[in-house]
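Enquirer: The amino acid sequence is not available; the structure is as follows:
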Ligand code: PLP
C-alpha cells in the first residue's frame, strides 16, 4: 500500500483496471494477429474493428478516418507529414499554397519540432510562425486573422498541457473561415479527451492526434483522426496494416486497453462529471490559497480544464515547492513533465508574458477524471501541511550551535557561501552569485551582515556593494574585496574569519575558533578559496581543512589538501547500498548515522524525522546538502559509518562521494535514493 497522491495527470495516468483486464485478455486469450484469416486472427480483427468503431463514435469522427498508432507524437508527425507532402505536391503543380506554417506559441514541443523537421526534410522551406497567446494563454485571434491568408498549415491545441487553458476552437475556426484560409488545420486533442465532448467531423479540423496514456490507457497507444478528404501520407509503410495508413502489426493489448477506457467514457458512470471535477479543483485551489500565502494562479480558473491548476508562490522556486510536495507523497510537476528535469523556464508561461519569478516558481497540479473524493480530501490536508512547513522555513541558523553554520548555495556549479552565527546573529557572505541573491537575502535577511566579500579583487565591485547595501552591510571603508578597512579579522561568536593572500589579487578567507590572536594553520577548519587552486592555500591550512570553492563541479561540495591527493575513482567502491546491504550495514554498526540530505522542508514533509522512523528503526538526522560542510569536521573525527539518503540518490551520492574524498572510509548512499531502495513505508501525515 502506497500513500502516494498522484496529481500529475497531465503527464500521464495510471491504467484503468478494466483496461488492464482488457489488455491481459488481448494477450492471453485474444492474441491472434488481426491480419490472419484463421479463427484466432478473426477474433483479433473483431476486437480491432470494434475498438475503431467506438473510437469514431467517442470523438465524433463521422466519416473521417481513425487509425491506431503509438501516441500523439506519432500522430503529430503523421499529420504534419501528410499536410506538408500535399502542400509540396500542390506547389509542384504550380498552385499557390501559402508561405507560413503557423503554430500556437504554447503548443507541445512535438508540434513546432515536427513542422521544422518535415519542412526541412521535404525541402519546402516555408516559414514557421508562432501564433502569440495573450496573458490568459488564449490564442491572439487578431494575429491569426493577419497570418491566416498566408498560412499553409495551422496547428493549435484544444487544451494546454501545462496550464490547462482551453483554446477557443470555434473562434479559431471562424477566423479561418472568414479569411477564406485554405490551410490544413491540426488540433492536438491530447488533453481534451475525456474532459469534454468532441464532435470532430462537425468542424473543419483536418487532423486530431490523441494519446492513450493521458486517460488511463497504457503508454504507447494513441489515435489519429483524419477528416474525410484530408490528404494523407503514411509515416510507416510495410505490411499494409490499418488499411495501409500505418503499417506494423497492431498493438492489440494497447488497443484493447484504450477501447476499455473509451467504453467507460461512452457508457458513463466511471469518470467524474464536469461539475464534480470543478468541485475537486475548487477544493484544491482553496487549500492552496490557505496554505501558500501570496499564491498566484497562472491561468484564470474559469477557462481552463477543471483538472489542471498551474500556480506560483512568491519567494519559492518550483524545485523547492515540488521537493516538499514530493516528500509529502504528493506528485506534482514543475512546468511540463518533459521540461521538469531541466532548469529552463517554461516556454508556455513565457509566451503568456508571465513574469520570470512566476515562471521560475510554477507548479502544475493536475488530476484525472477518475480521481475520487477521498483522494482530494487527503490531497487538501497534505497541501495544508506542506504550506505550514514551507511557511515555517526561514533562515536555517541554529542558534544553539557552538560553531557557525556554513551554508553553500548552488551545488555542482557556481557557489555562493554564507557563514552564519546563530548565537551572535552575525553573518558574512562570500562570493555571492546574482542568481542566488533571493536565497541569500532570505538566509541573511534577519542577520547582522558584517561583510559581503569577494575572493577576487573587484573587477566589478558594484554588484557586491549593491547587495551589501541591501543587506545592511558596511560599504564605505571597505577594500576592493569588500573587507572592512583596518580590521584584521571578523569575529562571529566564538569564530574568527581572516584573510589569506593567494597572490594575483586573489584572497581566501580562513575560518577557525577564535582564541584571540591570528589563526594557526591547525585551527583553520574552513577556507573559502574562490577560484584559487587548493595548493595555493598550502601555507595557510592543514590537510583536512575544508576548502570551499567558488565553483564545485569537479569536487562537489568541498575539498581538502588530502582529498586533492586522491586518485579520481578510488573512493566509490561499494558506496551505493541496496536494501540488503543497508540492513546488513546497520546491523553490523549500531553507531552508524542515517542522514537525510534533503532540504529541511522536504525532510519535515516526509515524516521520516520522527524518532525511529528510519530504516531498522534508526532515527534519521537531517543535514541538508547545502549545510553539509558544517558537519563534516565532526563526522571525520568520529569516524562512525554514514548512510546518506535523499529522494533520487543524486544529492546523497554527492554527499557520500565528498566524505570519501575527504578521507571518511565508511560513507554510503542509497542506490537510486529512497524512491528505489526498499525503505519501511514512509509515514506521511494524512
Ligand atoms: N500533445 C500534448 C498536448 C501533450 O500533453 C503530449 C504529452 O505530453 C503530447 C502531445 C505527446 O504525447 P505522447 O506522449 O503520446 O507522444
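Expert: Thanks, I have it. Just so we're clear, the structure is a prediction, and the values are computed from it rather than from any experiment.
Enquirer: the helices in the stretch 201-350 of the chain, which residues?
Expert: Taking DSSP state H, counting those that start in this stretch, the helices of the stretch 201-350 of the chain run over residues 252-267, 274-291, 318-327, 347-351.
Enquirer: which one of those lies closest to the ligand?
Expert: Checking the helices of the stretch 201-350 of the chain against the ligand by C-beta to the nearest ligand atom gives helix 347-351 as the closest, at 10.4 Å. Where C-beta positions appear, they are placed from N, C-alpha and C, glycine not excepted.
Enquirer: is any part of that closest one close to the ligand?
Expert: No - using C-beta under 6 Å from any ligand atom, helix 347-351 stays clear of the ligand, coming no nearer than 10.4 Å.
Enquirer: got the contact list for that helix?
Expert: If you take C-beta atoms under 8 Å, 6 or more residues apart in numbering as the criterion, helix 347-351 is touched by 105-106, 130, 132-133, 137, 160, 162-163, 298, 310, 335-336, 339, 358-359, 362.
Enquirer: Following element in sequence after that helix, please.
Expert: Remark: after helix 347-351, the chain's next helix or strand is helix 356-361, criterion DSSP states H and E.
Enquirer: I'd like the average pLDDT over that next one.
Expert: Helix 356-361 carries an average pLDDT of 91.
Enquirer: quick one, what contacts residue 301?
Expert: Residues in contact with residue 301 (C-beta under 8 Å, 6+ apart) are 281, 282, 285, 309.
Enquirer: Repeat that for residue 132.
Expert: Residue 132 is in contact with 105, 139, 140, 143, 351, counting by C-beta under 8 Å, 6+ apart.
Enquirer: switch to 10 Å and redo it
Expert: For residue 132, the contacting residues are 104, 105, 106, 139, 140, 142, 143, 144, 147, 351, 352, 353, by C-beta atoms under 10 Å, 6 or more residues apart in numbering.
Enquirer: Pick out whichever of those residues sits closest to residue 15.
Expert: residue 106 (28.2 Å; C-beta to C-beta).
Enquirer: can I assume that closest one sits in a helix?
Expert: No - read with DSSP: H, G, I helix; E, B strand; the rest coil, residue 106 is coil and lies in no helix.
Enquirer: any idea what sits nearest it, other than its immediate chain neighbours?
Expert: In space, and not counting its chain neighbours, residue 106 is closest to residue 348: 4.5 Å by C-beta to C-beta, 6 or more residues apart in numbering.
Enquirer: what do you get for residue 561?
Expert: What sits nearest to residue 561 in space, not counting adjacent residues and going by C-beta to C-beta, 6+ apart, is residue 543, at 4.9 Å.
Enquirer: pretty sure the one you found contacts residue 565?
Expert: Yes - contact criterion C-beta atoms under 10 Å: residue 543 and residue 565 qualify, at 8.8 Å.
Enquirer: Comparing these two, which residue is more hemmed in?
Expert: residue 543 (14 against 9; other C-beta atoms under 10 Å).
Enquirer: what about that one, which SS state?
Expert: The three-state label given to residue 543 by three-state DSSP is coil.
Enquirer: before we move on, the earlier item: show me the contacts of helix 347-351 that map onto strands.
Expert: Using DSSP state E, 130, 310 are the members of those that sit in strands.
Enquirer: Format the contacts of residue 132 as TSV; extra columns: neighbour count and pLDDT.
Expert: TSV is the format used below for the contacts of residue 132 (neighbours: other C-beta atoms under 10 Å; pLDDT from 0 to 100):
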residue	neighbour count	pLDDT
104	28	98
105	19	98
106	28	98
139	25	98
140	15	98
142	11	98
143	18	98
144	22	98
147	22	98
351	19	97
352	26	97
353	11	97
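Enquirer: now, which of those residues sits nearest the ligand?
Expert: Nearest to the ligand among the contacts of residue 132: residue 106, at 9.5 Å, using C-beta to the nearest ligand atom.
Enquirer: got the contact list for that closest one?
Expert: Contacts of residue 106 were listed using C-beta under 10 Å, 6+ apart, and they are 130-133, 137-139, 156-157, 160-163, 165, 167, 346-352.
Enquirer: Now restrict those to buried residues only.
Expert: Among the contacts of residue 106, those classed as buried by 16 or more other C-beta atoms under 10 Å are 130-133, 137-139, 156-157, 160-163, 165, 167, 346-349, 351-352.
Enquirer: and the residue of the stretch 501-650 of the chain nearest the ligand?
Expert: Proximity to the ligand, evaluated over the stretch 501-650 of the chain using C-beta to the nearest ligand atom, is greatest for residue 648 at 21.3 Å.
Enquirer: Would you confirm that that residue contacts residue 597?
Expert: No - checked against C-beta under 10 Å, the pair residue 648 and residue 597 is beyond contact range at 11.4 Å.
Enquirer: Between the two, which is the more surrounded one?
Expert: The residue with more neighbours, out of residue 648 and residue 597, is residue 597; 26 against 14, by other C-beta under 10 Å.
Enquirer: okay, the residue nearest to that one when sequence neighbours are not counted: pLDDT?
Expert: Of all residues not flanking residue 597 in the chain, residue 625 sits nearest, at 4.5 Å (C-beta to C-beta, 6+ apart). pLDDT recorded at residue 625 is 94.
Enquirer: what's the burial count for residue 625?
Expert: 22.
Enquirer: if I pick the nearest residue to residue 197 once chain neighbours are set aside, what's in contact with it?
Expert: Distances taken as C-beta to C-beta, 6+ apart put residue 60 closest to residue 197, at 7.7 Å, once the chain neighbours are dropped. Taking C-beta under 10 Å, 6+ apart, we find residue 60 in contact with 197, 198, 199, 200, 201, 202, 203, 225.
Enquirer: which regions of the stretch 1-150 of the chain sit below the pLDDT cut-off?
Expert: Residue ranges of the stretch 1-150 of the chain with pLDDT under 70: 1-2.
Enquirer: Please apply the same query to the chain.
Expert: For the chain (pLDDT under 70), the answer is 1-2, 335-343, 393-403, 458-461, 567-572, 678-686.
Enquirer: Look up the closest residue to the residue in the stretch 201-350 of the chain that the ligand sits nearest to, ignoring the ones flanking it.
Expert: Proximity of the stretch 201-350 of the chain to the ligand (C-beta to the nearest ligand atom) peaks at residue 211, 3.1 Å away. Take residue 211 and drop its neighbours on the chain: the residue closest to it by C-beta to C-beta, 6+ apart is residue 72, 3.9 Å away.
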